[in-house]
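Enquirer: The sequence and its predicted three-dimensional model are supplied below.
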Amino acid sequence: MSESAHAHPNYVKIWAILLGLLIVSLIGPEIGHAFDAPWIIVVTAFGIAVVKAYMVCADFMHLRFEKKIVWFLLLASLIVISAVFFFGVASDVIKTTGQNWEDCVANKTCTVEQRIIVTPHTYAEVSAAHDAQTHSGQ
Amino acid sequence: MSMQGPIATGRCATGIPSARLAVWWLLASEVFIFGGLIAVFLLYKFNGAPGMEDASLTVTWAGALNTFVLLTSSLTIVLAHDAAEHGDGHKAFKFTWITIAGGLIFMCVKAFEYYSKISHGVGFTTNIFWSFYFTMTGLHALHVMGGMIIMGLVSFDVRKGRNLQRTELVGLYWHFVDIVWIFLFPMLYIANF
């Protein structure tokens, strides 16, 4: 096989480190809650996830020994998807109003319970609400 | 015609065997599938979308147990790969089936979680968090099942000492499934803020 030329990492040691990181990622958010510090939660939950993913990629998937083209393939995917979702979706997620809709909960003009009451659920209710709105506008 | 197998599997213009390069391509496309879901979830979460606080209602110990199981199964499949590299098909077969057992434990824990939520009336349409929860974990569970089936199919040839390189290929896929879970775990279970 192709990797026979390189020395393999100690897989059991990598696994033990990954389990250690799992424990840290469980304890970290508890500390974050105790001190009311969301940044500790973000760092210990997501930061450690990135480290764990890197270790699995590098050592278990042998990406450390893989040709550069594979790094290019994976990093290009990550960069493209980040760009697509930042420019294509972030603006929609952040917006609270649109041409035919309004997220009143996000706007803080209503509660979740009120939105459930005022939001039509069935097609008949939606069309009735739409008709009412159209006629009132005429 | 010789019995060496398809010519394509022997070509390696990039210096990487075609079959392995194909798996990397597959994984790059999977980055788009799960990356899209993860990116949108995080955008909603950091934007403070109502319902996202329901992450505190998931069973943390079950998520942690599943993380342990998948990390361990990643170890066993890489040990299977190592055995295959040394030409030991029987050992590779054994480690592959330990990995499949790990996948089965993962699915049992996931089934328990789904049952406990659905029996309490929590479902796909409850709110945005649960929509993401069931979509992402469901899609991931399908990948776990797919991986188990492929590993099972590959293992019998490997036991006979044939196509040993396939252990590495299914291993790459399985590690990716593990990596996806590594990100789903903090998002859905422990990052409650």
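Expert: Nice, thanks for sending it over.

Enquirer: OK, now which residue of chain A is nearest to chain B?
Expert: residue A:45 (3.6 Å; Cβ to the nearest Cβ). (Glycine included, C-beta is placed from N, CA and C.)

Enquirer: Check which residues of stretch B:162-179 are buried.
Expert: B:163-179 (16 or more other Cβ atoms under 10 Å in any protein chain shown).

Enquirer: helices and strands of chain B: which one has the lowest mean pLDDT?
Expert: Lowest by mean pLDDT, DSSP states H and E among the helices and strands of chain B is helix B:18-46, with a mean of 88.

Enquirer: I'd like the next helix or strand past that one.
Expert: The first helix or strand that comes after helix B:18-46 along the chain, using DSSP states H and E, is helix B:60-85.

Enquirer: how about that next one against chain A, any contact?
Expert: Yes: for helix B:60-85, a contact with chain A is found by Cβ under 8 Å from any Cβ of the partner chain, at B:60, B:64, B:67-68, B:71-72, B:74-75, B:78-79, B:82, B:84-85.

Enquirer: mind putting the residues you listed in JSON lines, pLDDT, distance to residue B:44 and neighbour count included?
Expert: Putting the residues of helix B:60-85 next to chain A into JSON lines (pLDDT from 0 to 100; distance: Cβ to Cβ, whole Å; neighbours: other Cβ atoms under 10 Å in any protein chain shown) gives the following:
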{"residue": "B:60", "pLDDT": "91", "distance to residue B:44": "21", "neighbour count": "17"}
{"residue": "B:64", "pLDDT": "95", "distance to residue B:44": "24", "neighbour count": "17"}
{"residue": "B:67", "pLDDT": "96", "distance to residue B:44": "23", "neighbour count": "26"}
{"residue": "B:68", "pLDDT": "97", "distance to residue B:44": "28", "neighbour count": "17"}
{"residue": "B:71", "pLDDT": "96", "distance to residue B:44": "28", "neighbour count": "23"}
{"residue": "B:72", "pLDDT": "97", "distance to residue B:44": "32", "neighbour count": "18"}
{"residue": "B:74", "pLDDT": "96", "distance to residue B:44": "29", "neighbour count": "30"}
{"residue": "B:75", "pLDDT": "96", "distance to residue B:44": "34", "neighbour count": "24"}
{"residue": "B:78", "pLDDT": "95", "distance to residue B:44": "35", "neighbour count": "29"}
{"residue": "B:79", "pLDDT": "95", "distance to residue B:44": "39", "neighbour count": "21"}
{"residue": "B:82", "pLDDT": "93", "distance to residue B:44": "41", "neighbour count": "19"}
{"residue": "B:84", "pLDDT": "93", "distance to residue B:44": "42", "neighbour count": "26"}
{"residue": "B:85", "pLDDT": "90", "distance to residue B:44": "44", "neighbour count": "18"}
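
Enquirer: which of these sit farthest apart?
Expert: B:60 and B:85 (37.4 Å; Cβ to Cβ).

Enquirer: Quick one: list the elements packing against the longest helix anywhere in chain A.
Expert: The residue-count maximum for a helix in chain A (DSSP state H) belongs to helix A:11-34. On a contact count with 3 or more Cβ pairs under 8 Å, 6 or more residues apart in numbering or on different chains; DSSP states H and E, helix A:11-34 meets helix A:38-42, helix A:48-55, helix B:60-85.
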